[in-house]
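S.K.: here are the coordinates; sequence isn't available:
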DNA sequence: TCACGATTTGCAATCGGTTGCATGATTCTG
DNA sequence: CAGAATCATGCAACCGATTGCAAATCGTGA
């Protein structure tokens, strides 16, 4: 049972292979009658075009790469899903690559990806900007949640939402607030800290800066310990995972959330909804981010060398149970 | 700047294209001196073979598909990572596809995958066995965490670990235990329930069966409510996510875990470690599962029509804080 | 009736590798 | 030292699609 190709279909329909090919790719060029016959035969034989053969001549793979530092981090799965949905809409598949947080692996992986994908979405907060620029020279490339002036990027801008979170705390009476810094190499961490600082400066709020802490549950526990040694009544955690660590640590030491301390997370991962108390956090518009990233990449693929445009989408503050009035 | 091909390298090294090709794919057939020259030139020109061209002639894409029902479910990311690592070891990339729980989408997706991948790993607890068999006819196919007699599969067998969990509860004094059933269409749910039932039968334990409940946090809350209406002092949840829902619901109703009820989850997802109290659960050997699945698939690809073999790897019970002595 | 344009189709080259077979060079064997 | 065996290399076909160009067909207006 040999493979079904345009040739088998051609023979069966007594037309040439070119006609079969055209029936699929440029249907308006073949007569209605022949087109029908060809498509019917294809359906009947269960024909599936060889993407290799097509890719060889068109130079496109109809596949995009998605590079994430750690698929295990709950921030990424919703992003993966959004990217995938957006890619499917333009007929592309997604090749997922997890660099396991290793910048070295990342470079190697981009190398592997080259030739297998038309372009790549890089959601990589840590790898060096030189490496990223290098990657972008070899392959259309869109940055996710990170900007580099000369590379196109899609970012979630949490500034406004963090202001909202601050106002929320302020209204609850908090005047001394801790900022639990994220990894120093993380672009997002820098942006978030900056936003919080700016908010505090605009208010009569004393900001206690702690950290940096690792962006893990354990890092959160460490942060929780540090937080308890201050007199801050509320804290901004770098992300939800660390916020959960903070909450767990406080629970372990008999401090109540939000009774003794209010906690704000960031990202609105699944965890934020399932933890007790529900975590007040900042949600990113994942579907829009994924869609925008795929759009931008697609544009970059079709017109390489275009102006590197930036898209920034605002996050939204989601109040839940982890923030409450300042203790009496 | 034209693409770098074996021809550019051939010209540069004054050898034929075949020799260049062989320098990469069958280096032992090329003299050391020429091989070195070719490889050096390739490195210098930053040559990357066209996977399309290679795939066209070899018939292989060096890519495997991984079909998951919901990447957002915390059970899957570690599996994705393990599969990816195992695939990388044999030089394959992974094409991730999320069917978003839709069996219809699944069929369509397998169709898309055909021709782009050498084979596919299907981690799909719900789709119909007919659909799976259909997919397997078109493409080498390995089932993950589900068995169908005539298809190769890799499963995590939690039977022994659930026995261990049961014994753990028994030693803590529990004699009335609830079984919170998972989705009725889920193969894993059926297996788990069966294991728990078997354990209870072998002991003087009264088993209270509740459910089925949806395998979500909300489903867990529903289950929690149901649980509180019984006099069971401990419960097996279908998975960690529902267990978290149960815990949250109990917390909301002033029931303590493990003070009033002990809870056992399943899967040992990230959530299980970050929730308070830490969840006693059954962990699956993800890395081994991924490795085994990729191995099996690879064998299936290289020798289609081989005996469909099954691999079953045992999970392990991980006691944490959500299980404690029966209340006085 | 003929030439011309529009439409439909086929021919053949091409994409970038891989591989069976033939050839030439070299070494080994008796 | 002839002949065989071994090794390195090149030639050319091939994988399955796409596509520029030319040919065939048809209708139409002059």
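M.R.: Cool, got the structure. The structure displayed is predicted, hence computed values, not measured ones. Numbering: from 1, shown residues only, chains lettered A, B, ... in the order given.
S.K.: C-alpha from now on. contacts and neighbour counts both.
M.R.: Will do.
S.K.: now for the closest residue to residue A:53 other than its chain neighbours, how many residues are close by?
M.R.: Excluding the flanking residues, the one nearest residue A:53 by Cα to Cα, 6 or more residues apart in numbering or on different chains is residue B:56, at 5.7 Å. For residue B:56, the neighbour count with other Cα atoms under 10 Å in any protein chain shown is 18.
S.K.: how near is residue B:56 to residue A:18?
M.R.: 18 Å (Cα to Cα, to the nearest Å).
S.K.: same check, this time on residue A:155
M.R.: Applying Cα to Cα, the value for residue A:155 to residue A:18 is 44 Å.
S.K.: tell me which of the two has more neighbours.
M.R.: Between residue A:155 and residue A:18, counted using other Cα under 10 Å, residue A:155 has the larger neighbour count: 22 against 11.
S.K.: could you list every helix and strand in contact with the one helix or strand that one maps to?
M.R.: Element membership for residue A:155 (DSSP states H and E) is strand A:153-157. Applying 3 or more Cα pairs under 8 Å, 6 or more residues apart in numbering or on different chains; DSSP states H and E, we find strand A:153-157 packed against strand A:141-144, helix A:286-302, strand A:310-314.
S.K.: follow-up on the earlier one: ok so the residue nearest to residue A:53 is a helix residue?
M.R.: Yes. According to DSSP: H, G, I helix; E, B strand; the rest coil, residue B:56 belongs to a helix.
S.K.: contacting residues around it?
M.R.: Neighbouring residues of residue B:56 by Cα atoms under 8 Å, 6 or more residues apart in numbering or on different chains: A:50, A:52-53.
S.K.: go on, residue A:327?
M.R.: Residues near residue A:327 by Cα under 8 Å, 6+ apart: A:233, A:259-261.
S.K.: does it sit in a helix, a strand or a coil?
M.R.: Under three-state DSSP, residue A:327 falls in the coil class.
S.K.: what about it, distance to residue A:318?
M.R.: In terms of Cα to Cα, residue A:327 sits 22 Å off from residue A:318.
S.K.: skipping adjacent residues, who's closest to the residue most central in space within chain A in space?
M.R.: Centroid-nearest residue in chain A: residue A:79, 4.4 Å away (criterion: Cα atoms, centre = their mean). Spatial nearest neighbour of residue A:79, excluding adjacent residues (Cα to Cα, 6+ apart): residue A:286 at 5.7 Å.
S.K.: pretty sure that neighbour sits against residue A:84.
M.R.: No. Using Cα atoms under 8 Å as the test, residue A:286 is too far from residue A:84 to be in contact (11.5 Å).
S.K.: looking at the two, which is more packed in?
M.R.: Taking other Cα under 10 Å, residue A:286 and residue A:84 do not tie; residue A:84 has more neighbours (25 against 22).
S.K.: show me what whatever helix or strand the more buried one lives in is in contact with.
M.R.: Per DSSP H and E, residue A:84 falls inside helix A:76-89. If you take Cα under 8 Å, 6+ apart as the criterion, helix A:76-89 is touched by A:64, A:66, A:68, A:70-71, A:93-94, A:286-291, A:293-294, B:71-72, B:77, B:97-98.
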